[in-house]
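[1] Take this sequence and fold it.
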Amino acid sequence: MESIVHFLFSHREVIFIIVLSVFLGIEVISNVPSVLHTPLMSGANAISGVIVIGGIILVGHSDTSRISLNLVLGILAILFGTLNVAGGFVVTDRMLEMFRKKKK
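    Residues are numbered from 1 along each chain as shown. I've put the predicted structure just below:
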């Protein structure tokens, strides 16, 4: 418990910035108009693709003989980035389906 308190106290500036970024991100995302949703989704897909590539590079350079922080973070980046890209394509496809002309 003492090591956790020491870690939090020694990294308080970084933790403060992360917490403020979370609140700012929630506020910005909640105020996005629906007209901008599709361009933002494609941008998020591009960023997630870069995250997947970074995760693959991180896993490729990590020591696989033991479980390390690099290996775990790389696997999580690949997993969550792939889920985000796939989900983004599904949502974008559904939105584009709404604008297609229906066959009679």
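[2] State the helix or strand in which Val50 lies.
    Per DSSP states H and E: Val50 is located in helix 37-61.
[3] Moving C-terminal from that helix, which element do we reach first?
    Following helix 37-61 in sequence, per DSSP H and E, is helix 69-99.
[4] and that next one with helix 37-61, angle?
    Per axes from the mean of the first three to the mean of the last three CA atoms, to 10 degrees, the angle that helix 69-99 makes with helix 37-61 is 150 degrees.
[5] just checking, what packs against helix 69-99?
    With contacts taken as 3 or more CB pairs under 8 Å, 6 or more residues apart in numbering; DSSP states H and E, helix 69-99 sits against helix 37-61. (C-beta placed from N, C-alpha, C; glycine too.)
[6] what's the spacing between the helix it packs on and its chain's center?
    8 Å (CA atoms, centre = their mean, to the nearest Å).
[7] So for that helix, mean pLDDT?
    Here helix 37-61 scores 84 as its mean pLDDT.
[8] Which residues does that helix contact?
    Applying CB atoms under 8 Å, 6 or more residues apart in numbering, the contact partners of helix 37-61 are 32, 70-71, 73-78, 80-82, 84-85, 88-89, 91-92, 95.
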